[in-house]
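Novice: Pasting the sequence and the predicted model now:
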Amino acid sequence: MFERENAFYEANREMLRQKYLGKELVIVGDEIIGVYDDLDTAVDTTARTRPLGTFCVKDVPVDPAWEKWEIS
């Protein structure tokens, strides 16, 4: 699940870090459809217009060491 979204995130990791450091990104396919300050807001806001399971939320951590703990 979310193979395309994860591939987009990985392929663009450095650009995303430069542009969205510390944010939560809502990704559908290879498109960022939302940028939020926290996970709860990202999920709650996006779920108002899209069913759960149809979008992926990815963290752009301030500390790259935290990425190893990220769950997709």
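Specialist: Thanks, I have it.

Novice: Give the helix, strand or coil label for the most centrally placed residue in the chain.
Specialist: What sits nearest the mean C-alpha location of the chain, by Cα atoms, centre = their mean, is residue 58, with 2.3 Å. Classification of residue 58 using DSSP: H, G, I helix; E, B strand; the rest coil returns strand.

Novice: Distance-wise, check it relative to residue 32.
Specialist: With distances taken as Cβ to Cβ, to the nearest Å, residue 58 is found 9 Å from residue 32. C-beta here means a position set from N, CA and C on the backbone, and glycine is covered the same way.

Novice: Can you check which residues contact both of the two?
Specialist: Listed contacts common to residue 58 and residue 32 are residue 25; contacts here mean Cβ atoms under 8 Å, 6 or more residues apart in numbering.

Novice: Where does pLDDT dip in this structure?
Specialist: For the chain, residues meeting the criterion pLDDT under 70 lie at 64-72.

Novice: picking that back up, and the residue nearest to the centre of the chain, what are its bridge partners?
Specialist: In this entry, residue 58 is beta-bridged to residue 25, by DSSP bridges.
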